[in-house]
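**Q** A predicted structure for the sequence below; I have some questions about it.
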Amino acid sequence: MNTEYLHHDLKQSFLLIVTQERRLLAGLLGGLVLYALWVGATAAALEQFAEFATLSTTLDPWTSDTTGLAAVGVILWVILPAVVAGYGVNRAVTNSHGYLAKPYRLRHPATLLVAPLVVVLCGFGALVVLSDGYRGAVLLLLVGTVFFHIRVLPYSYRVFSVSTPRLVAASFVLTGAVVSTALLVEGAIAAGQSTVVDAVGAGLASVLGIEALGGIGGTTTLAGIAVPTMLGLAAATPLVLGGLYLLFQAAIGGINRLQSPTVARTEIRTGQRYPEFAKPTVAPSERTQISTTTTTRQKSDSPDSANQGSGIKSATQEAEQPETEGEDEQKDQDEGEDENAKHVNEGEDEESTTDDEESVDDVSHTKVFRPPGEEES
């Protein structure tokens with residue numbers, strides 16, 4: 001293992017926060033403000049609609065009208081923001097072509113997780129030390145776990161084994177739904193509406209048959225520490241989802257290291273890491289192309305062909321080296337097609353030149369017939 005590359009990637013894991021992820025952080029902060037405005041505006045619109053349609057909005061007793069309004073609220077305040085957040089995070093870690101952004105293409109993808117794990121450890125430490133300020137400690141832990149889940153997404157783009165970024169993006173939608181619910185509950189409690197939260201939880205518990213929903217506004221004791229239920233669940237969800245993916249990916253990655261599967265480079269996504277244990281490093285079609293161009297070089301003795309052959313040799317050496325950073329496969333194919341076209345054109349030029357030379361030789365050896373009378377005169 002090259003320790004110089006490892007140190008560079010560890011440093012890059014923290015530098016990405018102030019370089020690549022500045023806009024992502026600003027987007028998340030701006031999203032929180034827009035989310036609060038969205039909830040306030042849509043809540044006022046629902047209240048006006050309920051008055052116009054003479055719908056019941058009482059929480060005790062819970063009615064079918066209240067259930068319908070609650071369902072609309074879940075769609076507007078939980079599901080829709082979660083989908084938008086998942087889409088935004090995926091766009092933040094990819095480029096305009098949908099491939100992993102170049103700053104995330106580290107030689108050691110696991111180093112992407114170092115910076116968020118440091119924040120998670122700080123959150124756990126604050127939760128243990130600050131027994132009176134548990135809510136602030138849980139908020140710090142929530143920031144760390146959400147950051148961890150965000151970094152798992154570029155990690156899933158980069159790794160070779162179990163590279164399923166769509167699955168990770170879908171799991172981030174679940175994280176967004178739980179975090180949105182926690183923000184609703186904590187916002188209502190901060191506004192002095194804890195009784196409303198308890199009434200909504202009890203009503204949803206009676207309709208859905210899930211008794212745990214009745215305590216969404218309460219606290220849960222873990223290891224002697226009282227943690228807000230929804231806030232603690234929001235902090236645990238991204239950590240569990242990201243951790244499960246990492247465990248499965250590590251298990252399959254270990255199997256692949258032992259088996260050294262045969263995977264052509266053309267099957268690797270742009271930005272995806274090509275490890276040293278994978279083989280072959282050159283696809284069968286690429287090997288055929290290289291051998292064909294090498295044979296053409298051996299048949300040609302001209303200086304231009306010799307220079308061109310050295311270029312083919314360097315291209316072969318680069319193809320035999322395992323890929324550590326993402327390369328654009330389409331670009332390689334285009335270069336190969338240009339190289340073949342160049343050989344074809346040169347072959348045609350050589351054939352035409354040979355034909356011209358033969359015709360000149362034939363003319364030089366041609367004897368003109370003259371009648372006997374003209375020769376004497």
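**A** Cool, got the structure.
**Q** going forward, measure contacts between C-alpha atoms and count neighbours the same way
**A** Fine.
**Q** Count the neighbours of Val128 for me.
**A** When neighbours are counted by other CA atoms under 10 Å, Val128 registers 16.
**Q** where does it fall, helix, sheet strand or coil?
**A** Put simply, Val128 is helix when judged by DSSP: H, G, I helix; E, B strand; the rest coil.
**Q** How much space separates it from Leu174?
**A** Per CA to CA, to the nearest Å, Val128 is found 27 Å from Leu174.
**Q** Ok, Leu213 next?
**A** Leu213 sits 17 Å away from Leu174, taking CA to CA as the criterion.
**Q** just Ser163 next, same as before
**A** Using CA to CA, Ser163 is found at 19 Å from Leu174.
**Q** Could you do Val138 as well?
**A** From Val138 across to Leu174, the span is 19 Å (CA to CA).
**Q** what do you get for Leu112?
**A** Relative to Leu174, and taking CA to CA, Leu112 is found at 22 Å.
**Q** Compare neighbour counts for these two and give me the winner.
**A** Per other CA under 10 Å, whichever of Leu112 and Leu174 has more neighbours is Leu112, with 25 against 19.
**Q** Go ahead and confirm that one touches Arg151.
**A** Yes - Leu112 is in contact with Arg151 according to CA atoms under 8 Å; the separation is 6.3 Å.
**Q** what's the burial count for Ala41?
**A** Applying other CA under 10 Å, we find 11 residues neighbouring Ala41.
**Q** likewise Leu46?
**A** 14.
**Q** Can you tell me the SS state at it?
**A** Per three-state DSSP, Leu46 ends up helix.
**Q** That one - nearest residue in space that isn't next to it in sequence?
**A** Spatial nearest neighbour of Leu46, excluding adjacent residues (CA to CA, 6 or more residues apart in numbering): Leu69 at 7.7 Å.
**Q** Which helix or strand contains the one you found?
**A** Using DSSP states H and E, Leu69 sits within helix 64-74.
**Q** got it, and Leu55?
**A** Assigned by DSSP H and E, Leu55 belongs to no helix or strand.
**Q** Could you report the separation of the residue lying closest to it once chain neighbours are set aside from Val197?
**A** Leaving aside its chain neighbours, Leu55 sits nearest to Asp65 (6.0 Å; criterion: CA to CA, 6+ apart). Counting by CA to CA, the gap from Asp65 to Val197 is 18 Å.
**Q** of those two, who's got more company?
**A** Set Asp65 next to Val197 and count neighbours by other CA under 10 Å: Val197 wins out with 21 against 15.
**Q** residue boundaries of the helices in the chain?
**A** Remark: helices assigned in the chain by DSSP state H are 3-18, 22-52, 64-74, 80-92, 114-129, 134-158, 165-190, 194-208, 229-259, 284-299, 303-320, 329-364, 372-376.
**Q** most tightly surrounded among the ones you listed?
**A** helix 134-158 (a mean of 23; mean count of other CA atoms under 10 Å).
**Q** Which elements pack onto it?
**A** helix 114-129, helix 165-190, strand 225-228, helix 229-259 (3 or more CA pairs under 8 Å, 6 or more residues apart in numbering; DSSP states H and E).
**Q** Of these, which shows the lowest average pLDDT?
**A** Mean pLDDT is lowest for strand 225-228 among those, at a mean of 81.
**Q** gap between that one and the chain center?
**A** With CA atoms, centre = their mean, to the nearest Å as the basis, strand 225-228 stands 34 Å off its chain's centre.
**Q** Output it as PDB, restricted to C-alpha atoms.
**A** Taking Å, rounded to 0.1, in the frame of the first residue of the first chain, the C-alpha atoms of strand 225-228 are listed here in PDB:
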ATOM      1  CA  ILE A 225     -29.500   8.900  28.800                       C
ATOM      2  CA  ALA A 226     -32.900  10.400  28.000                       C
ATOM      3  CA  VAL A 227     -33.000  11.000  24.200                       C
ATOM      4  CA  PRO A 228     -35.900  12.600  22.300                       C
END
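**Q** strands paired with it, and their directions?
**A** strand 219-222 (antiparallel) (DSSP bridges).
**Q** List the contacts of the partner strand.
**A** With CA atoms under 8 Å, 6 or more residues apart in numbering as the test, strand 219-222 has contacts from Ala226, Val227, Pro228, Thr229.
**Q** do that again at 10 Å, thanks
**A** Contact with strand 219-222 is made by Ile225, Ala226, Val227, Pro228, Thr229, Met230, Leu231, Gly232, Leu233, as judged by CA atoms under 10 Å, 6 or more residues apart in numbering.
**Q** Buried residues in it, which are they?
**A** By 16 or more other CA atoms under 10 Å, the buried positions in strand 219-222 come out as Thr220.
**Q** Cool, thanks, signing off.
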